[in-house]
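Peer 1: Below are the sequence and a predicted model; questions follow.
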Amino acid sequence: MKDLGQYMIFLGNLFVRRETFGTYFKLTIQECINVGYNSLLIVTIVSIFMGAVTTIQTASNLIGPFIPNYVISLVVRDMTVLELSPTIMAIIFAGKVGSNIAGELGTMRISEQIDALEVMGINANSYLVLPKVIACVIMYPMLVILSIFLTLWGGYLVGTVTGIISSADYLYGIRYEFIEFNITFAIIKALVFSFLIASISAYKGFYTYGGALEVGRASTAAVTNSCIAILFADYLLAQLLLG
């Protein structure tokens, strides 16, 4: 409860004694490059292979004379949009971006850079953390949309090359009884997950005290707590929006 209360106070301090809009704009653009552009490679690789493996595994479990082939891509589509791209990529995002945020802020704390900002009258919470949170909230939904496309494309590529499913059947299954709200649901999950990852990781890094060993522990705690929060929020959102 103490950590939860301190975390809520930490979030409240993000919005007091703010800097100018121009300052935040420059910092946010730089953070967007760090958390978004620098994550493109890992998102691309994981998404393509995720789609390929999901297609193969789905096909191997849906073999039957009364099951049409287009069901394979239909299952891959729904799994990708509802769970794989928003949630699995969030865990990877927490491991890459969350640990980096915690490590960066932890290093600034033990090297007394944060203390120097506070001595100068700058709200270090808002100046250092708010651009990171905004950048994650902006960029992660874009990465999820890209991941959905690449996952479906990876499944299409493997399915057609290996002969598991024809191109026409795969495309038909993707379009068959498509529910538009599923995309909205995926974006909502992406927004919530990105906020949790950025804020929890920043909180763990901001309140790091000690030496280099504590910075590593803060990074580990940031990833662990972010993953737990993602799974809990995943269940809660599914219950509220789909239940």
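Peer 2: Sure, I can see it. Numbering: from 1, shown residues only.
Peer 1: residues of stretch 232-243 that come out buried?
Peer 2: 233-234, 237 (16 or more other Cβ atoms under 10 Å). For glycine as for every other residue, the C-beta is placed from the backbone atoms N, C-alpha and C.
Peer 1: Now find how far off-centre it is within its chain.
Peer 2: Centroid separation for stretch 232-243 versus its chain: 16 Å, with Cα atoms, centre = their mean, to the nearest Å.
Peer 1: buried set for stretch 98-112?
Peer 2: 98-110.
Peer 1: hang on, the earlier thing: tell me the one of the buried residues of stretch 232-243 nearest Ser73?
Peer 2: Asp234 (23.8 Å; Cβ to Cβ).
Peer 1: How about the contacts made by the closest one?
Peer 2: 83, 87, 189, 193 (Cβ atoms under 8 Å, 6 or more residues apart in numbering).
Peer 1: Please produce CSV containing the buried residues of stretch 232-243, extended by secondary structure.
Peer 2: Output for the buried residues of stretch 232-243, formatted as CSV (DSSP: H, G, I helix; E, B strand; the rest coil):
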residue, secondary structure
Ala233, helix
Asp234, helix
Leu237, helix
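Peer 1: and the residues you listed as a markdown table, adding distance to Phe149?
Peer 2: Listed next are those as a markdown table, based on distance: Cβ to Cβ, whole Å:
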| residue | distance to Phe149 |
| --- | --- |
| Ala233 | 24 |
| Asp234 | 21 |
| Leu237 | 22 |
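Peer 1: From the contacts of Asp234, which land in helices?
Peer 2: 189, 193 (DSSP state H).
Peer 1: Helix, strand, or coil at the most far-flung residue of the chain relative to its centre?
Peer 2: Distance from the C-alpha centroid of the chain, by Cα atoms, centre = their mean, peaks at Pro65 (39.3 Å). When classified by three-state DSSP, Pro65 comes out as coil.
Peer 1: show me the contacts for it.
Peer 2: Contacts of Pro65 (Cβ under 8 Å, 6+ apart): none.
Peer 1: Distance-wise, check the residue nearest to the spatial centre of the chain relative to Thr54.
Peer 2: Centroid check for the chain by Cα atoms, centre = their mean gives Ala90 as the closest residue, at 3.1 Å. Distance, Ala90 to Thr54, by Cβ to Cβ, to the nearest Å: 17 Å.
Peer 1: In this protein, where is pLDDT below threshold?
Peer 2: Low-confidence segments of the chain (pLDDT under 70): 1, 64, 243.
Peer 1: can you give me the strands in it?
Peer 2: Using DSSP state E, no strands are found in the chain.
Peer 1: Do a quick rundown of the helices in it.
Peer 2: Counting by DSSP H, the helices of the chain are 2-12, 21-35, 40-61, 70-79, 89-93, 99-110, 113-119, 124, 130-162, 167-175, 181-206, 212-241.
Peer 1: out of everything not next to it in sequence, what's closest to Ala90?
Peer 2: Leaving aside its sequence neighbours, Ala90 sits nearest to Phe193 (Cβ to Cβ, 6 or more residues apart in numbering; 4.1 Å).
Peer 1: can you check Leu14 too?
Peer 2: Leu130 (4.9 Å).
Peer 1: Now do the contacts for that neighbour.
Peer 2: 14-15, 18, 24.
Peer 1: what do you get for Ile188?
Peer 2: Contacts of Ile188 (Cβ under 8 Å, 6+ apart): 237, 241.
Peer 1: try 10 Å
Peer 2: Contacts for Ile188 (Cβ atoms under 10 Å, 6 or more residues apart in numbering) come out as 86, 141, 181, 237, 240-241.
Peer 1: Can you name the residues that contact Thr87?
Peer 2: So Thr87 contacts 144, 186, 189-190, 193, 230-231, 233-234, 237-238 (Cβ under 10 Å, 6+ apart).
Peer 1: That one and Ala229, how far apart?
Peer 2: Distance from Thr87 to Ala229, by Cβ to Cβ: 12 Å.
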